[in-house]
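Novice: Mind looking at a prediction? Sequence and model below.
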Amino acid sequence: MEIRPLEREKMVFENGAYGQRLLPWAALNAPFEGAWVTVPAHGATGAHSHHEYELFIAVNGEAVVESGGERRPFRPGDVEFHKPGTEHRILNDGAEDFEMYAIWWDTDMTAKFAARHEELA
């Protein structure tokens, strides 16, 4: 068994949130990457878009996710999906931090995963 620990004291602040990339991970052949993200109380991430597909999984606290010009509440257990090129951000107007896990992938990551999978098989 391998566990990759979340090390909150080593989280880096960028684009309005603290984060720690937990994937890629040498022990895991995966077609995606991921990070734990904390949006501080009364904070927000910067609006941005990118070429990857992306999932946000709300874990703790409450926030609002803004995607494609639409805003919706985002609570623990909710999952939100962004297509490539869709501008998005998280707004946390609450008094507590909001935590989520982000997963993203693209065709290059998928191809690398498939090649490694064939090598390991």
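Specialist: In hand now; what should we look at? Residues are numbered from 1 along each chain as shown.
Novice: Could you export stretch 98-112 as CSV, CA atoms only?
Specialist: Only the C-alpha atoms of stretch 98-112 are listed here, as CSV (Å, rounded to 0.1, in the frame of the first residue of the first chain):
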residue,chain,number,x,y,z
PHE,A,98,-13.5,25.9,1.0
GLU,A,99,-11.7,22.7,0.0
MET,A,100,-11.9,20.6,-3.2
TYR,A,101,-10.0,18.2,-5.3
ALA,A,102,-9.3,19.1,-9.0
ILE,A,103,-8.6,16.5,-11.7
TRP,A,104,-7.6,17.4,-15.2
TRP,A,105,-6.6,15.6,-18.4
ASP,A,106,-5.9,16.1,-22.1
THR,A,107,-5.1,13.9,-25.1
ASP,A,108,-1.4,14.0,-24.4
MET,A,109,-1.8,12.6,-20.9
THR,A,110,-4.1,9.9,-22.2
ALA,A,111,-1.6,8.8,-24.9
LYS,A,112,1.2,8.7,-22.3
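Novice: what kind of secondary structure is the residue nearest the centre of the chain in?
Specialist: Nearest to the mean C-alpha position of the chain, counting by CA atoms, centre = their mean, stands A102 at 1.5 Å. In three-state terms, and counting by DSSP: H, G, I helix; E, B strand; the rest coil, A102 is strand.
Novice: these two touch, right, it and V39?
Specialist: No - between A102 and V39 there is no contact under CB atoms under 8 Å: 11.1 Å. Just so you know, the C-beta spots here come from the backbone N, C-alpha and C atoms, and that holds for glycine as well.
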